[in-house]
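Enquirer: need coordinates for the following:
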Amino acid sequence: MIVSFIVFEYEDIQDAVLVAHSYGGMVASGAMEHIADRVRRIVFFDAHLPRTGESHCDMVGPARATKHVAMAEEGGEGWYIPTSDASWYGVTDPDDAAWVNSHTTAQPLKTYQDPVGNTDRAWSHSGMFIECVPSTLEPHALDRVRKRHADDPEFQYRVLHATHDAMVTAPEAVTKLLLEAVDIV
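Expert: Next up is the predicted model:
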């Protein structure tokens, strides 16, 4: 998160559309406390949108959180979660899967367990949520975002019939939605 707002500050980024994918929603939500004045719109692209003090484990629920711990114990020396094959995210083309797999890295388990700081500015900012169907997000995590859409005319909710890694499997559809996010007034 620190890197996010340092880049915004030192590159003097203004009027940005910040796109957060998957776990990146945790980071972007926290970063918004520092960079919201420089962000025109935030897009949560099949991403977590935590409330203040929630962790990734809170977002995915106890069963999946326990699975993350087991994955770290079994293949990550107890402290990191090994990468998942791109097929888990719906990437089926062998060339695309090879490309995705060559660009993924393990993630420290603690990043899933530590709570995010204040996220009030992420929740009150103009934005869009793109749910990929089928989504890898837990249904209860999406319920709050859907409610926000219903309660907040500045926050758009879109459904994209594509895999979680739609930027790889359906790039044209993703581009169309991101362009829509830029033009929302």
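
Enquirer: residue boundaries of the helices in the protein?
Expert: Counting by DSSP state H, the segments of the chain that form helices are 2-10, 24-35, 56-60, 62-75, 94-102, 109-113, 120-124, 139-151, 166-169, 171-183.

Enquirer: out of those, deepest packed?
Expert: Counting by mean count of other Cβ atoms under 10 Å, helix 24-35 has the highest mean neighbour count of the helices of the chain, with a mean of 23. Just so you know, the C-beta spots here come from the backbone N, C-alpha and C atoms, and that holds for glycine as well.

Enquirer: other SSEs contacting that one?
Expert: helix 2-10, strand 16-21, strand 39-45, helix 120-124 (3 or more Cβ pairs under 8 Å, 6 or more residues apart in numbering; DSSP states H and E).

Enquirer: I'd like the helices of the chain as JSON lines, with distance to L18 and mean pLDDT appended.
Expert: Formatted as JSON lines, those follow (distance: least, Cβ to Cβ, whole Å; pLDDT from 0 to 100):
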{"stretch": "helix 2-10", "distance to L18": "8", "mean pLDDT": "76"}
{"stretch": "helix 24-35", "distance to L18": "6", "mean pLDDT": "94"}
{"stretch": "helix 56-60", "distance to L18": "19", "mean pLDDT": "89"}
{"stretch": "helix 62-75", "distance to L18": "26", "mean pLDDT": "94"}
{"stretch": "helix 94-102", "distance to L18": "22", "mean pLDDT": "97"}
{"stretch": "helix 109-113", "distance to L18": "19", "mean pLDDT": "96"}
{"stretch": "helix 120-124", "distance to L18": "9", "mean pLDDT": "94"}
{"stretch": "helix 139-151", "distance to L18": "16", "mean pLDDT": "75"}
{"stretch": "helix 166-169", "distance to L18": "15", "mean pLDDT": "96"}
{"stretch": "helix 171-183", "distance to L18": "10", "mean pLDDT": "94"}
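
Enquirer: quick one on the thing from earlier: now render the helices and strands packed on helix 24-35 as JSON lines, adding distance to L177.
Expert: Listed next are the helices and strands packed on helix 24-35 as JSON lines, based on distance: least, Cβ to Cβ, whole Å:
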{"stretch": "helix 2-10", "distance to L177": "22"}
{"stretch": "strand 16-21", "distance to L177": "10"}
{"stretch": "strand 39-45", "distance to L177": "8"}
{"stretch": "helix 120-124", "distance to L177": "19"}
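
Enquirer: quick one: closest of these to C132.
Expert: Smallest distance to C132 across these (Cβ to Cβ): 7.9 Å, for strand 39-45.

Enquirer: got the CA coordinates for the closest one in PDB?
Expert: This file holds the C-alpha atoms of strand 39-45, laid out as PDB (Å, rounded to 0.1, in the frame of the first residue of the first chain):
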ATOM      1  CA  VAL A  39      -8.600   9.300  -7.800                       C
ATOM      2  CA  ARG A  40     -11.600  10.200 -10.000                       C
ATOM      3  CA  ARG A  41     -13.000   6.700  -9.700                       C
ATOM      4  CA  ILE A  42     -12.100   3.400  -8.200                       C
ATOM      5  CA  VAL A  43     -13.000   0.100 -10.000                       C
ATOM      6  CA  PHE A  44     -13.100  -3.100  -8.000                       C
ATOM      7  CA  PHE A  45     -12.600  -5.800 -10.700                       C
END
